[in-house]
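Q: missing the sequence, but the structure's below:
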């Protein structure tokens, strides 16, 4: 089979089957995959893959969301893109992905660009003040607010450190 040709005996790469009945893909799982030895991704078409093949080839069913596609190819592209962007050098600075949605269990805070005033909407004053501690606290508060409003399921699992709970130094 194509799976056997792609993954020889002893191959330790994860074998993913893109499937709406699989475990949801998470940022944590993407990080694990990106740090691993590579992947073998299997994509079914319409009615999927024979259950015997899934069991015999030890395929891990992975879902990218609660909806149905005609095939797994687009879902595979999502997995690839999510993993590739985490490879060293792809995003430039390694810190580029540290404050994004899901990295600390929260959705990302709002971003603003120039000009300072756009169609009567100004950038929040706190972002123009230069106080990095205050900006970090504002970003954290906004991330928490957005997460509570849009993804309350994530709000209860947040494990990221608060910027105002960083280790203090003694004077």
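A: Here it is on my side, so go on. Values in this document were obtained by computation on a predicted structure and should not be read as measured data.
Q: Which helix runs longest in this protein?
A: helix 132-150 (DSSP state H).
Q: Quick check: what element follows that helix along the chain?
A: Going down the chain from helix 132-150, the next helix or strand is helix 152-155, by DSSP states H and E.
Q: That following helix - what's its average pLDDT?
A: Average pLDDT, helix 152-155: 83.
Q: Now tell me what touches that helix from outside.
A: Residues from elsewhere that reach helix 152-155, judged by C-beta atoms under 8 Å, 6 or more residues apart in numbering: 102, 105, 106, 107, 144, 147, 148. Yep, even glycine has a C-beta here, placed from its N, CA and C like the rest.
Q: and of those, the nearest to residue 69?
A: residue 102 (21.7 Å; C-beta to C-beta).
Q: what's the nearest residue to the closest one if we skip its chain neighbours?
A: Distances taken as C-beta to C-beta, 6 or more residues apart in numbering put residue 27 closest to residue 102, at 3.7 Å, once the chain neighbours are dropped.
Q: Was I right to think that neighbour contacts residue 106?
A: No. Assessed by C-beta atoms under 8 Å, residue 27 is found out of contact with residue 106, at 11.1 Å.
Q: Those two: which has the busier surroundings?
A: Neighbours were counted for residue 27 and for residue 106 using other C-beta atoms under 10 Å; residue 106 has more, 26 against 16.
Q: quick one: secondary structure of the more buried one?
A: Using DSSP: H, G, I helix; E, B strand; the rest coil, the three-state assignment for residue 106 comes out as coil.
Q: Relative to residue 148, how far out is it?
A: Separation of residue 106 from residue 148 (C-beta to C-beta, to the nearest Å) stands at 9 Å.
Q: and if you look at residue 27?
A: 19 Å.
Q: Name the residues of stretch 33-51 that are buried.
A: Within stretch 33-51, the residues that count as buried by 16 or more other C-beta atoms under 10 Å are 33, 34, 39, 40, 41, 42, 43, 44, 48, 49.
Q: correct me, but the first one touches residue 81?
A: No. The pair residue 33 and residue 81 fails to qualify as a contact (C-beta under 8 Å) at a distance of 11.8 Å.
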